[in-house]
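> sequence plus the predicted model coming up.
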Amino acid sequence: MPPEISTFAQSLGGSTVVAMRRKADALEAAGMEIVDFGIGEPDFDVPEPVKAAAIAAIQGGHGKYVDPAGLPQLRESICRFEKQCHGTDAPPENIVVTNGSYGALSMIMRAILNPGDEVLLIEPCWGPYRQMVRLCGAVPVGVPMPTVEGRFVLEKEPIADALTTRTRAIIVNTPWNPTGRVLSREELTAVAAVAERHDLWIVADEVYSELIYDGAEHVSVATISPETAARSVIASSLSKSFAMTGWRLGYCIAPPDLAAVLTKINHTTTRCAPSIVQHAAVAAFEEGLPSVEAMRDEYARRARAVARGLNQIEGVICPVPEGTFYALAQIPEQWGGSAAVADDLLTKAGVIVTPGAAYGPSCEHYIRLSFATSMDIIEEGLTRLRRALPPS
């Protein structure tokens, strides 16, 4: 018998999105054409200035180690971007560049959690939060949120009710995957009030901050007040906004003492994010924003089309997404659980959707659709869904 594997590691679950894609791969290999509304990966190409900067970095010999906190000029670019676009006032020493937002969030959990601590997760929530908490020996605690007129909303009462003496942090995600919501300043202020009263960290996943539509406004939790900023740590990346998923470039914005610890963890775990990609990321922030605007306009058009098409299916309720590139549709309870519905849609209609159960019990009778794909594919997928629903 080999030695025992870590208890923390054995507590991890798998990815529902990846599992659905693997099953779709098998169906594709057997000849079925698949429409993929599952994966959250932009279908846009990386902005041209970013490509050019990466090539120049390679040709200029800039593939060496850089400071574990990140390339100085990149951290300065991030500071300017955050100040200009979100009003987040953080100097370069508060920035730590990471391998994507996964790297940022994983580092944050290691920096703030001890075994046995509890972390409140606003549900519906992105599944990897739970796994990152468990890897630290801490306990994820789901906090289901209510709906108002078909939209999930954030309320402080369920958060306060979930607190214990072991609660260490709250994770908030805005824009909010999978709901398509953009949290309001009032909602975030309520979270901040609970965190300050009970001396908690606020971990803010703001990876979709640039993908907001039709008058919605992204509010960074660190702008609520100086007191809130002092207990907030932001995780973001270039994956969604600049369509740089495989480039794996993200960052943290943290109070100075925490940023210093994050830098040490970054050094110990990955040494530094890829230096060539960091040079390219400078160009993204300095020259790539017009491309982001064009992507945003197209996503807004797709968001409306997906919601319109889903609402044409009897029994389905889908608010128009305010942000992200996800639509969350409520399905009738009599159709059964979301996992069974998603499996039926894949095997019979060749359409991948993500079952809401992956995001917590409160999302059992929902399905999530990613509209990070072309309008032609969206229309084909909606046509198939209208034929396949309600399930037989």
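Received the coordinates, thanks. Numbering: from 1, shown residues only.
> what about the helices in the chain?
Using DSSP state H, the helices of the chain run over 7-10, 16-29, 48-59, 72-86, 100-112, 128-134, 156-162, 185-197, 226-229, 256-269, 275-287, 289-311, 338-344, 375-388.
> outside of the second one itself, list whatever touches it.
The set of residues external to helix 16-29 that reach it, using CB atoms under 8 Å, 6 or more residues apart in numbering, is 34, 36, 38-40, 127, 342, 346-347, 350, 352, 354-355, 358. Placement of C-beta: from N, CA and C, glycine included.
> filter those residues down to the buried ones, ChimeraX style.
A single ChimeraX command is used to select the members of the contacts of helix 16-29 judged buried by 16 or more other CB atoms under 10 Å:
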select :34,36,38,40,127,342,346,350,352,354,355,358
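> may I have the one helix or strand in the chain whose mean pLDDT sits lowest exported as PDB, CA atoms only?
For the chain, counting by mean pLDDT, DSSP states H and E, helix 7-10 ranks last in confidence among helices and strands (a mean of 81). C-alpha atoms of helix 7-10 as PDB (Å, rounded to 0.1, in the frame of the first residue of the first chain):
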ATOM      1  CA  THR A   7      -7.100  14.500   3.800                       C
ATOM      2  CA  PHE A   8      -7.500  18.000   2.500                       C
ATOM      3  CA  ALA A   9      -6.800  16.900  -1.100                       C
ATOM      4  CA  GLN A  10      -9.100  13.900  -0.800                       C
END
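> quick one on the thing from earlier: pick out the most distant pair among the contacts of helix 16-29.
Between any two of the contacts of helix 16-29, the greatest separation by CB to CB is 24.1 Å, found for Gly127 and Gly350.
> residue contacts, the nearest residue to Gly63 once chain neighbours are set aside?
Counting by CB to CB, 6 or more residues apart in numbering, the nearest residue to Gly63 once its immediate chain neighbours are dropped is Ile276, at 5.4 Å. For Ile276, the residues meeting the contact criterion (CB under 8 Å, 6+ apart) are Ala54, Ala57, Ile58, His62, Gly63.
> of those residues - the most surrounded one?
Each of the contacts of Ile276 was scored by neighbours using other CB atoms under 10 Å; the highest score is Ala54's, at 22 neighbours.
> pretty sure that one contacts Ala280?
Yes: with contacts defined as CB atoms under 8 Å, Ala54 counts as touching Ala280 at a distance of 3.9 Å.
> Val66 is in contact with Ser275, correct?
Yes: using CB under 8 Å as the test, Ser275 is close enough to Val66 to be in contact (4.7 Å).
> for the contacts of Ile276, which one is nearest Ile202?
Ala54 (33.8 Å).
> mind checking how far that closest one is from Pro274?
In this structure, Ala54 lies at 10 Å from Pro274, with CB to CB, to the nearest Å as the measure.
> next: Ala284.
If you go by CB to CB, the gap between Ala284 and Pro274 works out to 14 Å.
> the two: which is more packed in?
More neighbours surround Ala284 than the other of Ala284 and Pro274, with 27 against 19 (other CB under 10 Å).
> what's the pLDDT at the more buried one?
At Ala284 the predicted local confidence, pLDDT, stands at 97.
> same question for Pro2.
The predicted local confidence for Pro2 comes out at a pLDDT of 85.
> give me the phi and psi for it.
The main-chain torsion angles of Pro2 are listed as degrees, to the nearest 10 and equal phi -70, psi 160.
> I'd say His62 and Ser275 touch.
Yes: under the criterion of CB under 8 Å, His62 lies in contact with Ser275, with a separation of 6.0 Å.
> tell me the pLDDT of Leu289.
Leu289 is given a pLDDT of 95.
> what's the burial count for it?
Number of residues near Leu289 (other CB under 10 Å) recorded here: 18.
> next one: Asp343
Per other CB under 10 Å, the neighbour tally for Asp343 reads 16.
> next, find the distance separating it from Thr373.
When distance is defined by CB to CB, Asp343 is 21 Å away from Thr373.
> kindly check the end-to-end length of stretch 24-39 for me.
From its first residue to its last, stretch 24-39 covers 12 Å (CA to CA, to the nearest Å).
> no wait, stretch 307-325
Looking at stretch 307-325, the gap from its leading to its trailing residue is 12 Å under the measure CA to CA.
> ok now that stretch, how far from the chain's centre?
Distance of stretch 307-325 from the chain centroid (CA atoms, centre = their mean, to the nearest Å) equals 20 Å.
> tell me which residues in it are buried?
307, 309-310, 313, 316-325.
> now swap in stretch 284-303 and tell me
Within stretch 284-303, the residues that qualify as buried by neighbour count (16+ other CB under 10 Å) are 284-285, 288-289, 291-292, 295-296, 298-300, 302-303.
> include distance to Thr98 when you put these into TSV, please.
TSV is the format used below for the buried residues of stretch 284-303 (distance: CB to CB, whole Å):
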residue	distance to Thr98
Ala284	15
Phe285	16
Gly288	19
Leu289	21
Ser291	22
Val292	20
Met295	23
Arg296	24
Glu298	28
Tyr299	25
Ala300	29
Arg302	29
Ala303	29
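> of the residues you listed, which is the nearest to Ser362?
Checking the buried residues of stretch 284-303 against Ser362 with CB to CB, the nearest one is Ala303 at 22.3 Å.
> once you drop chain neighbours, what's closest to the closest one?
In this structure, Ala303 finds its nearest non-sequential neighbour in Pro321, 4.4 Å apart by CB to CB, 6+ apart.
> isn't that neighbour right up against Leu310?
No: assessed by CB under 8 Å, Pro321 is found out of contact with Leu310, at 10.9 Å.
> how about stretch 105-112: buried residues?
Leu105, Ser106, Met107, Ile108, Met109, Arg110, Ala111, Ile112.
> quick one: contacts for the last one?
Translated: Ile112. Arg168, Ala169, Trp201, Val203, Val233, Leu258.
> quick one: the closest residue to the second one other than its chain neighbours from Asp161, how far?
By that I understand Ala169. Counting by CB to CB, 6+ apart, Ala169 lies nearest to Trp201, which is 4.0 Å off, once chain neighbours are set aside. According to CB to CB, Trp201 stands 19 Å off from Asp161.
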